[in-house]
Every structure is written in structure tokens, then in C-alpha cells.
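Task: produce atomic coordinates for the following.
(3 chains)
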Amino acid sequence: MNDILQFLAFGFSVALQPHNVLYAAIGAFVGTLIGVLPGIGPVSGIALLIPLIVSLPPASAMILLTAVYYGTMYGGSTTSILLNVPGEASSVATTFDGYQMAQQGRAGPALAIAAVGSFIAGTVSVAALMLFSLPLAGWAVAFGPAENFSLMVLGLSSVSMLTGEHFVKAMISTVAGLMLATIGVDIVSGMNRYTFGMPQLYDGIDLVTGAVGLFAVSEVLLASNGITGAGRVAKIQRLWMSARDFLDSGWAIVRGTVLGFYVGILPAAGATIASFLSYNLERRLAKDPSRFGKGDIRGVAGPESANNAAAVGNMIPMLSLGIPGSSTTAVMMGALLILNVIPGPTLWTKHPDVVWGLIASMYVSNAILLVLNLPLVGLFVQILKTPERILYPIVIAVCVIGVYAASRSQAELYVMLALGAFGYYMRRHDYPLGPAILGLVLGDRLEQTMRQALIIKDGNWAVFVTRPLSAAILALAGLSLLGPLFLNWTRARTLRRYAAAETD
Amino acid sequence: MATAVFYIREATSYRNAAVGDVVGPASYPILLGACLLALGAALLLKPGGAPAPDQGLAGPQAIRFGAALGAYVAVIEPVGFLISTFVFLATTILMLGERSFVRAGAVAAAATISLWALFERLLSVLLPKGLLGPWL
Amino acid sequence: MTTRSRIGIALSIVLVMSGAAGAAAPYPQRPIEIIAPAAAGGGWDLTARMTVRALQEERQISQPMTVTNMVGGSGAVAIAHVNTRRKGDAHVLTVMGSSLTATLARRVVPYTFRDVTPVAAITGDFQVLVARRDSNFVNLRTFIDVLRRDPALLTIAGGSAFGALDHLTFAALAKKVGVDATKVRYVPTSGGSDALTLLLGSQVTAVMTSVSEALGAIEVGQIKVLAVFAPERIGGPLRGVPTAREQGTDFVYVNWRGYYLPPEVPTEVTAFWQQTIDRMAKSKSWAKILDETKWASFLRFGEPLRQFLDQDINETASLLRELGLMR
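Sure thing, here's the model as predicted:
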């Protein structure tokens, strides 16, 4: 313990050097910007900055990149809340209640709780990372293909129940998302599927393009019709959250943090599934689940905490096993290699300035981001006062440029357009979009892990239920799917019996 | 209506021929297709929930906006970022009800130039130069 | 400054005439774009960025250089783009490598190496076979014994699909020792790190991947390398690992990388890049990069390069046919 404190003190001595604080601040700012811009996610954001860091000393470079990564996680929530336009897939869950809050004039508290929740989750999980990184490495490999498959089924089943009202439509939406995910080269057989001979589709639909197309484009198309239910946003009541808001969301933040951190460690999962699981958990635990989807602050606090905690958990496989846990950390690992730093546990002894400087700088960037974001809340809320006729075209232009910048291909823009039309159709016919996007995000991994598990067991489908951990998760998924259905059914039956009794 | 569209998709999924591995690339899409088929049937049998208020497929505004967006996307590479973005913004801002031509133009120009500065200068992403190529 | 003037001399030899008013602007007249046909952070991307770094450190190129990531189908999208949109463009280099060979061998796109202008092969990332530290396999010999005796006992994971690099490596190894590769379970994953995660979680018995992908995990010490499929030993953390050849199996498999120019570029430009890359590959900056990444130098130019590419594509195609992945 003393060692850790000593190292941490050393880390702060690195991170608090004026130039490193400056890098953290720049990174936090640029990251927030990238997060706010729909179309550019953390992966391409970090990739874009790699050329700029080559000349920096390794510790400063890592501090800059981490701050950017963090910043994107903070910034992603802003447009979700204000415009119902998620900046990346991991902030889709935030739209459910965040946008509703903004519609009711509570954009300020929503943004504030997102920042505060992110701050708490980030700080706590960095502490966990620092203390338990090595022991937790075992957890990262404990999940084989069968377990990962079951975890994803759980994620999907929980989101299908989110909307509650129309189960079949939610399921259709989920399956549609999964189908979209099958476009491209099948990673198992190497065959092209549903690409219709277009090489631009070989790599499938990019997740950021998917999120922007399905959500942002369709939202703006719908809004341009002037038929959004609420019309103009209600008057902004207050900028800052009340003590009650904070008390309400306290436990949501705690649960989101723990859940997000553990899910984040698993290489196959990540921030998106963590945020959806957290949303569902909050809804389940609430005494009044009916308020969810109508602007409940817990529906913002939970997912926002979870996706930030997952971002930190994601670093554990990289720092302790030398294996990147997500595409974002893979890009960071590439950056480390460029800087002549080899990731993995030897990092702790060979480059203590990088590791401990990095950990200390996570605290620093968290603080910077909080300081940066809270005043920005006021500014961002002003965006809502911009007339829609000016705001929406600009939002769309930003989406187009963001998607183009990340892929450098016009074909990607057509994909975005097509998904926009599809999303528009779904919105018009009351299909929830959340399940579709989660299906798109998880689809590849879902199929891959399923087939990997089957290859290992020579095609024996029982593998998913004979492995205890996998069976347990599947049971949970089954429960969350069938539970409410069963309840509905019994309720309907009792009602019918009452009705029958009355007519008698 | 939804099911009809998806039936076609479902059918196309069969065209994948299985290769050497245990499960093959076709079975998973077929599984998905089957799920969708079942769900579509369920939806037909029991349309439940609030039936969608069918206001036709799209309002005139959305169609026009979508068309503008399609045109923008189509010309961004050949014509270049600066011109196409400016034209797109100015047109759509006017289309959505702005009265003043001057204001639409000013906002469009300001937004175009700040986006350009943001991506080209700060993030060093090369945006298509298009027709302005020789002068940039 | 001497470097500059030497470039000047080299340039005057390979001068590319610009049409304008007879004024001869030395090549390159415009910024150089390097297309990495994969996402940022992967091997192709790293190759591109490292090249830029070395050329800048050595001040070999007077114009700025940018890296564009053009993701898609193991290079299929980029080669299609170069052939349809960039014909004759002398200012764009594209990264190529073993995965592109596999793509072209399967005829995913209607192009071959003959439709572009290959300039050079630069680096080779040799393949390795790794197992858990506590596994029963002591070295490649014990592994091959089991492979011959009871292939059904083995489950191999690799960072690529059926018929792509890691699977092909394993198939070629099995063929070399006279075993039918289709008798062994192969678990495809989306990258070397995913495959290693399966190995550490005891889901598979061994992993086929490349040196640079396994490096992090090797340094951790939780896995051991059974053999390096290189002509000679590799330094660094792998210094103690014998090659397959040393262990009695004469088998080399390399994940090579290099560059091509678009079709129909002037021969002077090709010559310019051959010289530039040759000089860069012999520079101090490049030596440092090779040491960091544990890539091996794999220089091939001109006719030898052409022969190597032909051979690579033919061997890959025949392996694919034997595996039943191609007619």
C-alpha cells in the first residue's frame, strides 16, 4: 500500500509538471470537442492525433491521448441530451432519458449529472485500476467464447425490454440491427456477405456511421417535418442540478461505476454494452420504472457513469496482459509502440513514469474535465436556443464531415444516408431505435463468439449451457426476456377472469 | 408492411453456401431470418400497442431535406467541401423557414469556415478540395 | 545540408518534368499521401507511420507526408480505389503485404499485383507458434509429434479468418510435416490479441500469430514461443527462441509489407521511390524502428520483387485450393 502511495506521488510529480498539465488540458478540450461532434468517435479521434504525438516524450504523449479518450467519453453525452443525436454508440443509452429531460427544460441538470457521474465513475475506477490491475487481469481472460456469447445475449435481451410497450417491435428492431451487422466480410470464414459486390461494404457498417445515420440523420429528417411530439423545447428551468437530483442519482452512479468497470475489463464487451446494462439495471431496481424513458435523471446518471468506468476498465488488459481490450486501446497501444514503449506488465517496472504518470494524469484529467464541462453546461444549453432551422442543417453538416473525415470515403456517406432513411422509417412506425443500434454494435461479436465456441466443441450446441458461468448468464437473459412476458400474461388472465366473473 | 420488406432479406440469406468450418457462414443469418419471420408473423397476428399514426411515408419537408442531403453527399468529393457545404447550409436554412437571405448566407459561411478550420487545421484531416483545388 | 544536396543530385537524375512553361520542378512537387489500407493501430498503419517518421527524421523528402487510413477488405478497397481513381498519380503510395496477397489470390477484386506498380517490400513480421507457459509442449518438435499422432487433440487459434494469414501459416506448416490441416480445429478471431486472450483463458492449445502481435504477451511471460518461423533467430525478448529450422523443420513464414504506386506512373517516379526506400531502410532511424517493432528487414526491389510476388500469390492460391476454400 505504501509502495502504491509512493508511486502515486511520483506519478503526480510527473503529471503535475506544468507542460503535462497543459497537455492534459489540451487533450481534455480536444477530446470533448471530438466527443461532441457526431461522426468522430474515440477511435478515430485518437488515431487522428497520433501523428502529432510522435515528437512528444512518451509520458506526455500518453497523458495527452488518455485525456482525449476521457474527453470523448464526457463529450459524447452532450449531443445525446440536447439533440437526441448520440456522438458515439456508447452514449445512445443516454438519449432515452437525457433528451426527455432536455425537452422538459431540464437540460442543465442532465448535462451536470452526466459530468458529475462521469467524474465520480472515472475517479473511482482509476483507483480500482491502480490497486487491483494485476489480480483483475485473470477476470479478463475468464470469459471464453461461450461466456461472451451469453453476456451479449443478456445485453440484447435487456435492451429489448427497455421500451417495454411493444415487445415484438423491439425484438424486430434488435434483429434488424443484428442483420445489419452481418454485412461485410465474415470474420470466421472470410466470405463476403450482403456486400453485393461493393468493396466499400467489405468491412461492414462502421459503428459510428451506424449511430449517426440511424439516430442523427433520422432525427433531423423527422424534426424538419415539424412533427416532433414536443415541438419547441420547454423553457429552461434551471442550469444546475438540485440536491434532490444528486441524491436521486447517487446509487445509480455507484452501480453504474461498478458494473461499467467490470464489463469494461472484458475484452469483448466495452462501454456500449455497459451503458445499456446499467440503464436496464436502474430501470429494474426503480420503484417506479414507468418514469424511465420520460426524463428520469437516474437514466442519465447510470449509463454515463458506466461508460466512463468501462473506459478505464478497458485499459486493464492492455496494462497487465499486453493485450488491448478494445479498438480504442488498440490504437493507444499502437501509439505506445510508435513511442518505443512496449505495453504490458513490464511497463510498470520499465517505464514507471509512463504508467504512474498516466494514472495520476487520469485523476488530473478527470478534474480538468469536470471544471471544463460544468461551465460549458451553460454554453451548451444555449445551443437549444438556436432556431431549429439553423441548428439542424449545421448538425447534419457536422455529421457528414465527421463521417467523411473518419473514413475518407463517399461510400460511407451513402451508407449513413441509407441508414438515416431506415431510421426515419422506424421512427415513423414506432420501432425503438436503441435495440437496433445495440444489435449493430454487438452483432459481429455475437456471431463470432457463437461460432468460436461451436468450433472448439466440434459443433455441440450444448456448450452454452454446460459451462456454468455461461449457463448462469443465459438464465439471467431468459429471465429478463420471459419474466415481464409472463407477468403480462398472468395479469391479462386475471383481468379476463374478472371480466368473465362480472358478465356472469 | 415491415414484414414484407424483411421477407425478401430473409430469402437472400439462403444464398450463402457453407464452407469448411463447423457452422458455416450461412446458418447464423438464416437463424436471424427465421427470428424475424416469426416476429413479423407475431406482429401481423397481434398488432397490439399503439398503432402507428400513419401520416404517409414522409412529409414534404423531410423529402426535400433528404433530397438536399443526398445532393450534398453526392457532390462533396467532386465539387469540394467549401462550396458544397456552403450551398447545402444556405439552401436548407432557407428551406426550413429562414426569411433573410443575408442571414442564411452569413451563418452558412461562418459555419463552413469554422468547420474547415476545425478539421483541416486542428485535426489535420484533409477535406476534399474539389473545384477550388488549384487555389488552396 | 549535405543530405539535402545529395537528394538534389539524386533528383536531377530522376527528374520528372512538369509541363508548365518548361520550368522543371523537382519531384515530388506536391505533398505525398500514403494510404494505409487498414484501421489505425494495425500493422499496415504502423508501417505507413513509421515510414513517415523515418523519412522525416532523415530529411529525405522535401514535401510533407500524410497517412490516410482506407479501411476495407484487407486492402481490396484501396487497390480498387487506386485503380479506378488514382491512375498515374505519382504522389500516392499504398501499403501492401501478405494479407493483400491472400485477398488477390481469392480474386475478391478483379485486380492483381500486375495492375499496380509494386515498388518495394520493406519489412517482414515473422510468424510464431505460441502456447501457454504451463502447457505440455516443450518446443516445436513435441507439438509436431502430437500433430502427427492425434491432430484432433489440437485446437489452434489465429488472428484471422479461414483462408487468411494465420490459418494459411498453420495449413502450410501442417502440409510441410505431412498432416491434413483440415483435421485440426482452427478458431478464427479478429486479431492476434483476441487469439491470445483465448489462449490465456485455456480455450485453445496454441496460437499462430506474428512476432509483433505477440510481443506484449511474450514480455509478460505468460506464454512461451514454440518456434519462430524465420530463417534466423530474432533478437530482443525472442533471442532464446530457436527457429523452426533449428528444430528440424525447414519452415519459414513471413508477414511481409511493402509499397506500391498506382498504375501508369512514370518509371522515373518508381526509380525515385526505390532509391528513397533503399536509403531509408539503411538509415539509423529505420534501424531503431526495426528494433522497437521487432520487424525484420525484408528488402526486395525490381525483378526479384516481381518474382517474389508471383511466387507468393501462386503458393497462397494452391494452399487455398487444398484447404477447399477456393475452386
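
contacts and neighbour counts: CA atoms only from here.
OK.

who touches stretch A:472-482?
The list of residues contacting stretch A:472-482 from outside it, by C-alpha atoms under 8 Å, 6 or more residues apart in numbering or on different chains, reads A:Glu147, A:Ser150, A:Leu151, A:Val153, A:Leu154, A:Gly155, A:Ser157, A:Ser158, A:Ser160, A:Met161, A:Val465.

does any bit of stretch A:272-290 sit next to chain B?
No. Residues of stretch A:272-290 are not located near chain B by C-alpha under 8 Å from any C-alpha of the partner chain, the shortest gap being 15.8 Å.

can you give me the strands in chain C?
For chain C, applying DSSP state E gives strands covering C:32-36, C:65-69, C:92-97, C:117-132, C:155-158, C:185-188, C:206-210, C:223-228, C:254-261, C:296-301.

between those strands, which one is nearest to A:Leu180?
For these, distance to A:Leu180 was read as C-alpha to C-alpha. The smallest value, 21.2 Å, belongs to strand C:185-188.

hmm, that closest one touching chain B?
No. For a cut-off given as C-alpha under 8 Å from any C-alpha, strand C:185-188 has no contacts with chain B; the smallest distance is 8.5 Å.

The contacts of stretch A:472-482 in strands, which ones?
Filtering those for strands - DSSP E - leaves nothing at all.

could you dump the residues you listed to a markdown table with pLDDT, neighbour count and distance to chain B?
As requested, the contacts of stretch A:472-482 are arranged in a markdown table below (pLDDT from 0 to 100; neighbours: other C-alpha atoms under 10 Å in any protein chain shown; distance: C-alpha to the nearest C-alpha, whole Å):
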| residue | pLDDT | neighbour count | distance to chain B |
| --- | --- | --- | --- |
| A:Glu147 | 87 | 25 | 18 |
| A:Ser150 | 87 | 26 | 15 |
| A:Leu151 | 83 | 25 | 18 |
| A:Val153 | 86 | 20 | 13 |
| A:Leu154 | 83 | 23 | 17 |
| A:Gly155 | 80 | 25 | 17 |
| A:Ser157 | 80 | 24 | 14 |
| A:Ser158 | 73 | 25 | 17 |
| A:Ser160 | 67 | 28 | 13 |
| A:Met161 | 63 | 21 | 14 |
| A:Val465 | 86 | 17 | 18 |
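
Out of these, list just those in helices.
When DSSP state H defines the helices, the subset of the contacts of stretch A:472-482 inside them is A:Glu147, A:Ser150, A:Leu151, A:Val153, A:Leu154, A:Gly155, A:Ser157, A:Ser158, A:Ser160, A:Met161, A:Val465.

In contact with the residue nearest to B:Gly130 when sequence neighbours are not counted, which residues are there?
The spatial neighbour of B:Gly130 that comes closest, neighbours along the chain excluded (C-alpha to C-alpha, 6 or more residues apart in numbering or on different chains), is B:Gly80 at 3.6 Å. With C-alpha under 8 Å, 6+ apart as the criterion, the residues that contact B:Gly80 are B:Leu127, B:Pro128, B:Lys129, B:Gly130, B:Leu131, B:Leu132.

so which of the residues you listed comes closest to chain C?
B:Leu127 (11.5 Å; C-alpha to the nearest C-alpha).

And for the closest one, the neighbour number?
Neighbouring residues of B:Leu127 were enumerated by other C-alpha atoms under 10 Å in any protein chain shown; the total is 18.

Which secondary structure state is assigned to it?
When states are read from DSSP: H, G, I helix; E, B strand; the rest coil, the local structure at B:Leu127 comes out as coil.

How about A:Pro432?
On the basis of three-state DSSP, A:Pro432 is classed as coil.

And it, its phi and psi?
phi -70, psi 140 (degrees, to the nearest 10).

isn't A:Gly108 right up against A:Met241?
Yes. Judged on C-alpha atoms under 8 Å, A:Gly108 makes contact with A:Met241 at a distance of 6.9 Å.

coming back round to it: weakest of the strands of chain C in terms of mean pLDDT?
When the strands of chain C are compared on average pLDDT, strand C:65-69 comes out lowest at a mean of 79.

quick check: angle from that one to strand C:92-97?
50 degrees (axes from the mean of the first three to the mean of the last three C-alpha atoms, to 10 degrees).

Of the contacts of stretch A:472-482, which pair is most distant in space?
When these are compared pair by pair using C-alpha to C-alpha, the two farthest from each other are A:Met161 and A:Val465, 22.8 Å apart.

May I ask you to confirm that A:Ile205 belongs to a strand?
No. Assigned with three-state DSSP, A:Ile205 falls outside any strand and is coil.

Which residue ranges of chain B form helices?
Secondary structure of chain B, counting by DSSP H: helices at B:2-12, B:27-45, B:60-79, B:81-95, B:101-116.

Domain ranges for chain B, per the record?
B:2-45, B:60-135 (automatic domain parsing).

List the residues that contact A:Phe196.
Taking C-alpha under 8 Å, 6+ apart as the contact definition, A:Phe196 lies against nothing.

ok, it to B:Leu31 distance?
Look at A:Phe196 and B:Leu31: by C-alpha to C-alpha, to the nearest Å, they are 21 Å apart.
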